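Asker: can't give you the sequence, but here's the structure:
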């Protein structure tokens, strides 16, 4: 296929900006006429997918809408009703099928999610804290000037830093952000392991329609999309989830369980996720971390599980092996090509390095954002079947050890062998290391679609 | 033996539903209405009778017309479809399973199949088995998302797996003497434990499943 029109696609969809400062502003539209004026004024500020040949900009702005938000903008009913059901319902109504119950139930989410007030998400990122503030002031001035929106809440996010340097780590200490999928037509520094596996073992980009509406997906079909076509094309859906991290609980768990584990504390941490905390994949280096692999893009995502069916290198229930099973279910990974998601994420709250005391009550975690063409088929399937259940991985009712909603009843099996440094271990009574604090489903329109919305030209006929 | 996979049998039965203009409501609607009220728990006919892993009863009205250029086709009759993954007898046959259904769930079978053409009733066991087998379709491709062991073996294995996993989890690092003693205790407890009953062994999951996502 030919190259995509990067000037028509929001930049956030095509690349992770990796800018250290972020703020996600949630707004409510009071009046459709004033709201579309706001959108038309925001439009020139929206960051597109155009390449940054002259280095990163000081700040970026992107926008996405809930279904209620699109209704508040007075889009035609025939258009509103043509959106996929899960998007019309929103994430809160999908709580039961996502396993967002108990400690993760909507009643326990942040106040901003309690009503159904959130109409749009503005994602703003900055190279510096000052650049972020400047950009936010400009955006907020437009709220006031147009009277188009009121701000409900803002979620700050900042990459974890040590001595002013981005660590690339999340709060549990794992180096994050290795493997997002490649898609046909999207220019990106591609590396083995990012796309889908072909029968000969090589890797190829996924069909564009797994990420963007208006293009063929892995089944050769167009993703379910709203009408008119031009409103949907070059757009995608985003799942926004604020994931609180219980760092104290996590560290206590590692301390207690590793006391009985011959592999030691760091290896246990690695077994939970499938990578050593410095990012080395267990499949490639089961005995010790190896920075030469982490730094090598031809190796750090270039592995499969086929030769490790027993899970003695990377446990079968490890987070990474569940969320992206590669070839673990056989058929050269063909079974998972329609279950891939693109992830954007940024940490929030103060980073507490190991050795300093941390409390679960402190506000820290990760703002986890998923991009996919079909929320039901991609994100919801992964969440329901691979994170909150274990059948496909032959792990029975076991959930994802790291992000599963265990409620104190979880179990995680670390498969092992006869060596003293890699023994088997069964961890029981798993608590929730991660808790959901809110979120919703959003539509990220193309630049063209934003213009149509701003000019009230959306016409489903 | 494409109907068999290990000790499991892939059974498909298509019974033509009586087409009688004078029946009110029609026989297919009467089957639908009965099936809608049928228990899926411990009172299910498939829990009352032994040997069912999974079973499904469906009323098929007709083949679906998918639009031009497909040829428009119709079935000669409405059918009751009965599909079951069940335990085969030692000789690989289905007779014992059907006999068990007739013995333990005759009332349900008669209520459902009495709307089908030529059904002799479950009371005449030989005629019942002959009828079911006459309506049977050969399973040409057996795909089972379960293993090929019998229902009692599967229930026992699940019980053992859970008990052993819990045991290991709570006994890691225990010194050998004590571990051995406790393990022997576990083994005799498991030996003495009654076989879990069908449909009672389900661990409740705090997630809404089914539909498009599963």
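Answerer: Happy to help now that I have it. Only a predicted model underlies this, so the values are computations on that prediction, with no experimental measurement involved.
Asker: list the buried ones in stretch B:19-31?
Answerer: B:26, B:27, B:28, B:30, B:31 (16 or more other Cβ atoms under 10 Å in any protein chain shown). To be clear about C-beta, it is placed using only N, CA and C from the backbone, and glycine gets the same treatment.
Asker: as JSON lines, the residues you listed with distance to chain A would be great.
Answerer: Output for those, formatted as JSON lines (distance: Cβ to the nearest Cβ, whole Å):
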{"residue": "B:26", "distance to chain A": "33"}
{"residue": "B:27", "distance to chain A": "35"}
{"residue": "B:28", "distance to chain A": "30"}
{"residue": "B:30", "distance to chain A": "33"}
{"residue": "B:31", "distance to chain A": "30"}
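Asker: show me the residues you listed that map onto strands.
Answerer: Assigned to strands by DSSP state E, none of those qualify.
Asker: so for stretch A:16-36, mean pLDDT?
Answerer: Stretch A:16-36 carries an average pLDDT of 96.
Asker: related to what we said a few turns ago, just put the buried residues of stretch B:19-31 in JSON lines and tack on pLDDT.
Answerer: Formatted as JSON lines, the buried residues of stretch B:19-31 follow (pLDDT from 0 to 100):
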{"residue": "B:26", "pLDDT": "97"}
{"residue": "B:27", "pLDDT": "97"}
{"residue": "B:28", "pLDDT": "97"}
{"residue": "B:30", "pLDDT": "97"}
{"residue": "B:31", "pLDDT": "97"}
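Asker: now for these: which two are most distant?
Answerer: Farthest pair in the buried residues of stretch B:19-31 (Cβ to Cβ) is B:26 and B:31. Separation: 9.4 Å.
Asker: now the helices for chain B?
Answerer: Ranges of helices in chain B, per DSSP state H, are B:27-36, B:45-48, B:95-104, B:106-113, B:125-134, B:151-171, B:176-192.
Asker: poorly predicted segments of chain A, please.
Answerer: A:1-2 (pLDDT under 70).
Asker: residues from it in reach of chain B?
Answerer: Proximity of chain A to chain B is confined to A:96-99, A:101-102, A:259-260, A:376-377, A:380-381, A:384-385, A:388-389, A:396-397, A:405, A:407, A:411, A:413, A:425-429 under the rule Cβ under 8 Å from any Cβ of the partner chain.
Asker: switch the cut-off to 6 Å
Answerer: When proximity is defined by Cβ under 6 Å from any Cβ of the partner chain, chain A lies next to chain B at A:96, A:97, A:99, A:101, A:260, A:380, A:381, A:384, A:388, A:397, A:426, A:428.
Asker: name every strand pairing with the helix or strand bottoming out on mean pLDDT in chain B and say which way it goes.
Answerer: Within chain B, confidence by mean pLDDT, DSSP states H and E is lowest for strand B:4-5 among all helices and strands, at a mean of 90. According to DSSP bridges, strand B:4-5 forms sheet pairs with strand B:8-16 (antiparallel).
Asker: list the contacts of the partner strand.
Answerer: Residues from elsewhere that reach strand B:8-16, judged by Cβ atoms under 6 Å, 6 or more residues apart in numbering or on different chains: B:3, B:77, B:79-86, B:88, B:94, B:116-117, B:132, B:135-137, B:139, B:142, B:148.
Asker: quick revisit: contacts for the least confident helix or strand of chain B?
Answerer: Residues outside strand B:4-5 that contact it (Cβ under 6 Å, 6+ apart): B:88, B:92, B:142, B:144, B:148.
Asker: re the thing from before, among the helices of chain B, which is nearest residue A:182?
Answerer: helix B:151-171 (38.8 Å).
Asker: what's that closest one packed up against?
Answerer: Applying 3 or more Cβ pairs under 6 Å, 6 or more residues apart in numbering or on different chains; DSSP states H and E, one finds that helix B:151-171 contacts strand A:425-430, helix B:176-192.
Asker: now check the longest one, is it near chain A?
Answerer: It refers to helix B:176-192. No - Helix B:176-192 stays clear of chain A (Cβ under 6 Å from any Cβ), getting no nearer than 12.9 Å.
Asker: perfect, that will be all.
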